[in-house]
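Novice: sharing a model that was predicted from the sequence below.
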Amino acid sequence: MTKQINKKFSAEDLAIGAVFKILRNGKGFVQKEVVGDEISIVHLSNFENGKAMMSASNFLRLLNKINVNMAEFHNAYNQYLQVEAPIVYSDKLSSDFLSHDTTKLYHDLKILEKKISLNSLDKKVRLDYLRVKSILSYLDSKYPLTTTEVTFLEGYFSNLIEWGQSDITLFGQCAQFMDSVHSSQLIQKMLNPTQLNYNLPYIKLAKYRTVLNLIEICTNQERYDEARKLIQYLEDTDIHEYYLFEKIMLVYHKAVFSYQKGNKEAIQIAKECHKIFEFCGSSKIAGIIAEEISNLENLKP
């Protein structure tokens, strides 16, 4: 149960104004430079000091006035409350995977299992549990998703109209467990360009990385026509040069696809990608690629 600081507001409520004040001061704005015609300085002061709340529309305008977007505010808010932000949590899981740190993943899985036992209706916790379990399954085959868990995920993704960063990433992590029919249908939904946030940079980046995962999954499952279409999708997208990692990984996955389709010379391109990651000091990624290349070369013709 949330601890009440006073009769009106919880700690989470009060944190909104307190974090806004921290960010305003950090940006070098004084109160009179922020209020404009929307609210009074008294109202802003009360909001920042936990004596009043702010309407959503006014709050969004104030954030814009101090050049802070919602993602930045949410991150600062989570830090203030000492709660792990979704992006930080996702990065930690990626780091655990690259390090092959199954101990931390087991630990996270057990914590989430306990939360589910306390509230089985908490869909967010259940999705986080399946995210951790799917990552762990890459490192430990004893942890595949069950049929019931896959069905739950397929239903969740099928009902999505707006795919956020977390949804896109989760799909890329769990798609290996879905049958080809459901997977193909969900890929088309995820890539639908009519979504409101389709062109946000971090949404684009999440899609690039998920499509790269899907290319690998489709290639490994010999769904070559789908893999080819996904490669073509990224090539037509013209990934910005700022996303150099994604561009190199596209070259790598395309080379692996070509190699498995019979072009044995393509393995040299994959090896060049491996050298680039080694040169850049990305030893964990380079190690994973080296192992994949070795496995490919050891396959019987």
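Specialist: Alright, I've got the coordinates. Numbers count the residues shown, from 1 in each chain.

Novice: what's the following helix or strand after the lowest-mean-pLDDT helix or strand in the chain?
Specialist: None of the helices or strands of the chain scores lower by mean pLDDT, DSSP states H and E than helix 86-98, at a mean of 66. Once the chain leaves helix 86-98, the next helix or strand it forms, by DSSP states H and E, is helix 102-118.

Novice: mind listing residues that contact that next one?
Specialist: Contact partners of helix 102-118, identified using C-beta atoms under 8 Å, 6 or more residues apart in numbering, comprise 93, 96-97, 122, 125-126, 128-129, 132-133, 135-136, 139-140, 143. The C-beta positions use only the backbone N, C-alpha and C, and glycine is treated the same way.

Novice: ok, stretch 206-226 next?
Specialist: 165, 168-169, 171-173, 175-176, 180, 183-184, 187, 190-191, 227, 230-231, 233-234, 237, 239, 243, 246, 249-250, 253-254, 256-257, 260-261.

Novice: buried sites along it?
Specialist: For stretch 206-226, burial by neighbour count (16 or more other C-beta atoms under 10 Å) applies to 206-219, 223, 226.

Novice: CA-only coordinates of that stretch in CSV, if you can.
Specialist: Output of stretch 206-226 as CSV, limited to C-alpha atoms (Å, rounded to 0.1, in the frame of the first residue of the first chain):
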residue,chain,number,x,y,z
ALA,A,206,13.7,-0.5,-31.2
LYS,A,207,12.2,-1.7,-34.6
TYR,A,208,15.6,-1.9,-36.2
ARG,A,209,16.9,-4.1,-33.4
THR,A,210,13.8,-6.2,-33.3
VAL,A,211,13.8,-6.8,-37.1
LEU,A,212,17.4,-7.8,-36.8
ASN,A,213,16.4,-10.4,-34.2
LEU,A,214,13.6,-11.6,-36.4
ILE,A,215,15.9,-12.0,-39.4
GLU,A,216,18.1,-14.2,-37.3
ILE,A,217,15.1,-16.2,-36.0
CYS,A,218,13.6,-16.6,-39.5
THR,A,219,17.0,-17.6,-41.0
ASN,A,220,17.6,-20.2,-38.3
GLN,A,221,14.1,-21.6,-38.8
GLU,A,222,14.7,-21.7,-42.5
ARG,A,223,11.9,-19.2,-43.1
TYR,A,224,14.0,-17.8,-45.9
ASP,A,225,11.3,-15.8,-47.7
GLU,A,226,10.4,-13.9,-44.6
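
Novice: from the chain's centroid, how far away is that stretch?
Specialist: A distance of 17 Å separates the centroid of the chain from that of stretch 206-226, by C-alpha atoms, centre = their mean, to the nearest Å.

Novice: coming back round to it: show me the buried residues of stretch 206-226 that map onto strands.
Specialist: Judged by DSSP state E, the subset of these located in strands is empty.

Novice: farthest pair within these?
Specialist: Using C-beta to C-beta, the two most remote members of these are A206 and R223, lying 21.8 Å apart.

Novice: need the contact list for the most far-flung residue of the chain relative to its centre.
Specialist: Most distant from the centre of the chain: V42, at 39.5 Å, with distances by C-alpha atoms, centre = their mean. Shown in contact with V42 (C-beta under 8 Å, 6+ apart): no residues.

Novice: ok, now how distant is it from A18?
Specialist: Per C-beta to C-beta, to the nearest Å, V42 is found 17 Å from A18.

Novice: one more: N295?
Specialist: With C-beta to C-beta as the criterion, N295 and A18 are 52 Å apart.

Novice: which of the two has more residues huddled nearby?
Specialist: A18 (17 against 9; other C-beta atoms under 10 Å).

Novice: spit out the contact partners of the more buried one.
Specialist: E48, G50, Y80.

Novice: among those, which one has the most neighbours?
Specialist: Taking other C-beta under 10 Å as the neighbour criterion, E48 ranks highest of those with 21 neighbours.

Novice: touching, that one and A15? I think so.
Specialist: No - look at E48 against A15 with C-beta atoms under 8 Å: they stay out of range, at 11.2 Å.

Novice: tell me where the model's unsure across the stretch 1-150 of the chain.
Specialist: For the stretch 1-150 of the chain, the stretches with pLDDT under 70 are 1-7, 84-91, 96, 98.

Novice: neighbours of F47, how many?
Specialist: The number of residues packed near F47 is 22, by other C-beta under 10 Å.

Novice: wait, it sits on S55?
Specialist: No - between F47 and S55 there is no contact under C-beta under 8 Å: 10.2 Å.

Novice: alright, calling it a day.
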